[in-house]
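Chemist: Output the structure for:
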Amino acid sequence: MIQAKALSFRYPGAARATLHSISFQVEKGQLCCLLGINGSGKSTLLSLLAGLLLPEQGELNLGAQAVTGQNSRPAAKIALLPQDPDLYILGSLVEEDLLLALDPQDVSAREKALSLAEEFGLGGLLPRPVHTLSYGQKRKLCLASALASSPDLLLLDEPFAGLDHPSSLTLREILLRNKQSGLTQVLALHDLDMAADLADRFILLEDGQAERQGAPEEIYPLLPAAGVRPPCWWFTGAAGPLWNV
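Modeler: Numbers count the residues shown, from 1 in each chain. The predicted structure is shown next:
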């Protein structure tokens, strides 16, 4: 689904590149976690995958299409949830924003969106103005909207930030359902506890480079030295988290 080779990106006017010659591959249906401290390039990489930014150098293939600095943005159906929900929200009412990106004639998509809203506890808030929502409720609205579009590739930047524990468990269940349905997912994370056991592979970004990547058992021992905390249950030697989905 995703193939990147020697991918680099520099913001206009920046003295140095944010991403330096990154190469990685994510297979269709995998859940991949991007790890790293603030400023390591996680959000920039998600923006490249979403087509919001174009690579300065290197090769990026999404599905069968190559994305370069000279051609159009990716044709694959991609949903990106940024870390700041206010960047994503366009509608004035909760229901309006939830359904904004959907085809008005697509009844099944509408039903899916409303069902997701119920799952996240937003069902009773649909008539309310968006600005009256809390930060966590805005995050839930953005998640429901992104998932309702039935994307080929789902990109989530710190998806658990601002969610209460019940909503975090709901998101875990949705991520697992997405895996079972074959949806490719890439998550940028600081806190691994809620999603580490769902991941197929990790990419550890350090100073804009991705030299360390692989399966969980290969990456966990490397995280403390990179400034990233492994999941709490890993320190105890447990096989996984205490919750089950």
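Chemist: Which stretches in this protein count as strands?
Modeler: With strands called from DSSP state E, the chain shows them at 2-9, 19-26, 31-35, 57-62, 65-67, 78-81, 153-157, 184-189, 201-206, 209-214.
Chemist: contacts for the third one?
Modeler: Surrounding strand 31-35, the residues in contact under the criterion Cβ atoms under 8 Å, 6 or more residues apart in numbering are 26, 42, 45-46, 175, 178-179, 185-189, 192, 195-196, 198-205, 219, 223, 226, 228. Yep, even glycine has a C-beta here, placed from its N, CA and C like the rest.
Chemist: so what's Leu81 up against?
Modeler: 88, 142-143, 146, 155-157, 159.
Chemist: which residues in the chain form helices?
Modeler: Under the criterion DSSP state H, the chain contains helices at 42-50, 94-99, 107-119, 135-148, 165-181, 216-219, 232-235.
Chemist: Those: which one's closest to Ile22?
Modeler: helix 42-50 (7.1 Å; Cβ to Cβ).
Chemist: residue nearest the centroid of this protein?
Modeler: Nearest to the geometric centre of the chain sits Leu156, at 1.6 Å (Cα atoms, centre = their mean).
Chemist: ok, back up a step: least confident of the strands of the chain, on average?
Modeler: Here the strands of the chain differ in mean pLDDT, and the lowest is strand 65-67 at a mean of 65.
Chemist: Could you point out which residue ranges in this protein have low pLDDT?
Modeler: Along the chain, the parts satisfying pLDDT under 70 run over 64-76, 242-245.
Chemist: change it to 50
Modeler: Residues of the chain meeting the criterion pLDDT under 50: 245.
Chemist: Could you give the number of residues near the residue lying closest to Ile219 once chain neighbours are set aside?
Modeler: Spatially, and ignoring its direct neighbours in sequence, Ile219 is nearest to Phe202 (4.3 Å; Cβ to Cβ, 6 or more residues apart in numbering). Phe202 is flanked by 23 other residues according to other Cβ atoms under 10 Å.
Chemist: related to what we said a few turns ago, closest to Pro129 out of the helices of the chain?
Modeler: Pro129 sits nearest to helix 94-99 of all the helices of the chain, at 7.8 Å, using Cβ to Cβ.
Chemist: For the closest one, name the packing helices and strands.
Modeler: Applying 3 or more Cβ pairs under 8 Å, 6 or more residues apart in numbering; DSSP states H and E, one finds that helix 94-99 contacts helix 107-119, helix 135-148.
Chemist: Just the buried residues of the contacts of strand 31-35.
Modeler: Among the contacts of strand 31-35, those buried by neighbour count (16 or more other Cβ atoms under 10 Å) are 26, 42, 45-46, 175, 178-179, 185-189, 192, 195-196, 198-199, 201-205, 219, 223, 226, 228.
Chemist: Distance to Gly121 added to the strands of the chain, as a markdown table?
Modeler: A markdown table is the format used below for the strands of the chain (distance: least, Cβ to Cβ, whole Å):
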| stretch | distance to Gly121 |
| --- | --- |
| strand 2-9 | 32 |
| strand 19-26 | 31 |
| strand 31-35 | 24 |
| strand 57-62 | 33 |
| strand 65-67 | 37 |
| strand 78-81 | 17 |
| strand 153-157 | 19 |
| strand 184-189 | 22 |
| strand 201-206 | 30 |
| strand 209-214 | 36 |
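Chemist: Appreciated, that's everything.
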